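Trainee: have a look at this prediction, sequence included:
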Amino acid sequence: MKTTARRDLLLWAENELTALGLEGFVKSGAIERVRSGLGGSHTVVTYPPLDSLEEVDPQQLLERIGPVRGLSLYLHVAFCEFLCPFCHYETEFTKLGAEEPPRMRAYMDALEKELAYWKSVIDGSGLGSIYIGGGTPTAVSEERLLRLLSTAISTPDTNEGRRAVCMETSPLTTVAEDGEKKLRALVSAGVNRLSIGVQSFNSQLLRRTRGYTQIEAVRALEIISGVLDNVNVDMIQDLPFQTSEHILDDLEQIERFRPAQVTWYILRIRPEASWYGRFRRESLELPNTLESARRTLLIREGMARLGYIKQPGGRFVREEKFHDRFKQIRAGLETTLLGLGASAYSHGWGYIFRNAYTRGQDVNGMREYIKLINDRGHAIVAARALNDVEVAAGKLVTGIRGGVHLPPSTAQTAAYLAGAARTMDELCGLGLVAFDLARGYGLTTLGSLFEEEVCALFYSPAVKTKLTEDHAAAPGGLPYARGAVSVTQ
Ligand SMILES: C[S@@+](CC[C@H](N)C(=O)[O-])C[C@H]1O[C@@H](n2cnc3c(N)ncnc32)[C@H](O)[C@@H]1O
Ligand code: SF4
């Protein structure tokens, strides 16, 4: 990207900000970037949000679970070679290259046991897609990963030979001595999509947050691009000390490698992240709402100028065929997902449910997971029933990004949908949502800068109450009750 192209892009973002009238809008208090709590949950990974699940007697759930059409599988590998201070995922540190440590052996043995526990459901259903994520799966030995993969891959492919099999990796594991060999072995064994978290190409930012520099990030992309074309690269905007110039540098590297997909996340700081304390004390230097929105615009236009096609949730694809099917599987309640491993979630069979996960200081998710698997074969600890209101709310929360019609109202959903219709009208008035007959209600350009914040307005009353109560009860809990968008509800 030449200096003139960079200057042009910065100018474009400035003009667009003015054209959208964002400054006045933000100053009026109508909208705010929320980094934690309601509307600030990283991305709306799923609806209902995982924070809204409640303790459950798993027996009533287990009775319902059996083979289904179109099952997808998620396997959570909870180890990383570096613990990033912004990250909230269930994971533990492991040293690369060492013999399999006892904790990893216990966890991976438990994961294999859990896979065996669900064998009849998986074999009876077949699998439409397989996703091995974490954590950083490639922090685990090649032998272990191949064993896990072969069990999953040997199930019937219900996607007519087009089954997506994705594995997450990281720059440090990719540039490790055995990194390239491991990736090649995984691809030979059936992995057809790799996802790598780069986050930034700026050495200073990386050193602080990821334990490597631009040299390793670039080398990792050279290696991974040589192994497979279908690669997703994760990036994060709004890291402390990140500037627009850093983002322009990142776009330059993306131009150089042209990965099949790029996902640009907006930084969120959840209570599980080690930065959360500093975030609460407001000692993390984060861009304000206006600056954050400007960067989102910069990234979108920059990616468009590189020829990428924009998709909801910060995703960009080089060609339509690289459309991220996993996002839909993990978020949409229409699909059935079985998630195995500590903290993994599943949806289907009338519920969303979740395995043992870390709850504050009291419960260590990994330890509880291993124990539960060894005691009873499964590790389900929390759930929420998907009643008619939750299904309707799920349609709106996940659908509003691309366009959605209000579903027909029933006796159960009438009150919720009447409220949702009023909220839609207010959002239309604010210019965040627009309605047309073909698409239904959908985010405008302005609204799409605050995707997560707007989506959270459509959580069901039960979910909002649960989130609000929990966080009001937490010591000094964040104001989950406060919405990011000022509408009357
Ligand atoms: C499981 S990690 C990806 C694989 C690998 N562990 C890595 O980091 O390279 C999933 C992605 O979530 C994103 N992420 C993690 N914590 C985040 C946060 N607090 N805010 C925004 N994005 C976050 C990062 O982009 C990360 O790459
Ligand atoms: S971002 Fe990736 S590497 Fe960093 S702690 Fe989270 S899962 Fe591990």
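Mentor: Arrived safely. Ligands and ions are numbered 1, 2, ... in the order given.
Trainee: who in this protein is up against ligand 2?
Mentor: By CB under 6 Å from any ligand atom, the part of the chain that sits against ligand 2 consists of 80, 82-84, 87, 89, 91, 134-136, 170, 197. C-beta: built from backbone N, CA, C; applies to glycine.
Trainee: just say helix, strand or coil for the residue of the chain at minimum distance from ligand 1.
Mentor: The chain approaches ligand 1 most closely through residue 197 (2.5 Å), counting by CB to the nearest ligand atom. Secondary structure assignment for residue 197 (DSSP: H, G, I helix; E, B strand; the rest coil): strand.
Trainee: from now on call the first residue 308
Mentor: Sure, I'll start numbering at 308, so the last one becomes residue 504.
Trainee: residues near it, how many?
Mentor: 22 (other CB atoms under 10 Å).
Trainee: leaving out chain neighbours, which residue sits closest to residue 765?
Mentor: residue 703 (4.2 Å; CB to CB, 6 or more residues apart in numbering).
Trainee: next secondary structure after the helix or strand bottoming out on mean pLDDT in the chain?
Mentor: Sorting the helices and strands of the chain by mean pLDDT, DSSP states H and E puts helix 632-638 at the bottom, at a mean of 64. Using DSSP states H and E, the next helix or strand after helix 632-638 towards the C-terminus is strand 643-647.
Trainee: and the residue of the stretch 608-757 of the chain found nearest ligand 2, how far from residue 586?
Mentor: Ligand 2 sits closest to residue 650 of the stretch 608-757 of the chain, with a gap of 11.3 Å, by CB to the nearest ligand atom. As for residue 650, its distance to residue 586 is 21 Å (criterion: CB to CB, to the nearest Å).
Trainee: in terms of neighbours, single out the busier of those two.
Mentor: residue 650 (25 against 21).
Trainee: ends of stretch 709-728, what's the gap?
Mentor: 17 Å (CA to CA, to the nearest Å).
Trainee: no wait, stretch 531-548
Mentor: Length of stretch 531-548, first residue to last, CA to CA: 28 Å.
Trainee: buried residues in that stretch, which are they?
Mentor: By neighbour count on 16 or more other CB atoms under 10 Å, the buried set for stretch 531-548 is 531-532, 534-535, 537-547.
Trainee: next: stretch 658-666.
Mentor: 658-665.
Trainee: show me the shaky parts of the stretch 308-457 of the chain.
Mentor: 344-352 (pLDDT under 70).
Trainee: hmm, 50 instead?
Mentor: Applying pLDDT under 50 to the stretch 308-457 of the chain picks out no residues at all.
Trainee: circling back to that earlier point, what's the closest of the residues of the chain next to ligand 2 to residue 768?
Mentor: Checking the residues of the chain next to ligand 2 against residue 768 by CB to CB gives residue 396 as the nearest, at 28.9 Å.
Trainee: for that closest one, what are phi and psi?
Mentor: Torsion angles at residue 396 (phi, psi; degrees, to the nearest 10) stand at phi -70, psi 150.
Trainee: and it, how many neighbours does it have?
Mentor: Neighbours of residue 396 (other CB under 10 Å): 20.
Trainee: report how many residues lie close to the residue nearest to it when sequence neighbours are not counted.
Mentor: Excluding the flanking residues, the one nearest residue 396 by CB to CB, 6+ apart is residue 442, at 6.3 Å. Residue neighbour count, defined by other CB under 10 Å, stands at 25 for residue 442.
Trainee: again, but for the one 3 residues further on
Mentor: When neighbours are defined as other CB under 10 Å, residue 445 has 30 of them.
Trainee: could you do residue 711 as well?
Mentor: Neighbours around residue 711, by other CB under 10 Å: 18.
Trainee: from residue 760, how far off is it?
Mentor: On the measure of CB to CB, residue 711 and residue 760 end up 17 Å apart.
Trainee: show me where the stretch 658-796 of the chain has its strands.
Mentor: Secondary structure of the stretch 658-796 of the chain (DSSP state E, counting those that start in this stretch): strands at 658-662, 687-692, 740-743, 747-750.
Trainee: how about the stretch 508-657 of the chain?
Mentor: For the stretch 508-657 of the chain, the strands defined by DSSP E, counting those that start in this stretch occupy 538-544, 568-573, 616-618, 622-624, 643-647, 652-655.
Trainee: switch those strands over to JSON lines; also include mean pLDDT.
Mentor: Below are those laid out as JSON lines (pLDDT from 0 to 100):
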{"stretch": "strand 538-544", "mean pLDDT": "97"}
{"stretch": "strand 568-573", "mean pLDDT": "95"}
{"stretch": "strand 616-618", "mean pLDDT": "92"}
{"stretch": "strand 622-624", "mean pLDDT": "95"}
{"stretch": "strand 643-647", "mean pLDDT": "96"}
{"stretch": "strand 652-655", "mean pLDDT": "94"}
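Trainee: and stretch 426-439, anywhere near ligand 1?
Mentor: No. Judged by CB under 6 Å from any ligand atom, stretch 426-439 stays clear of ligand 1, getting no closer than 10.7 Å.
Trainee: tell me the span between the first and last residue of that stretch.
Mentor: 17 Å.
Trainee: equivalent analysis for stretch 500-511, please.
Mentor: Across stretch 500-511, first to last residue, CA to CA, it's 29 Å.
Trainee: centre of the chain to that stretch, how far?
Mentor: 15 Å (CA atoms, centre = their mean, to the nearest Å).
Trainee: related to what we said a few turns ago, the residue of the chain closest to ligand 1 against residue 479, yeah?
Mentor: No. With contact defined as CB atoms under 8 Å, residue 504 does not count as touching residue 479 (10.1 Å).
Trainee: where does the residue nearest to residue 765 land on pLDDT?
Mentor: Residue 703 is assigned a pLDDT of 94 by the prediction.
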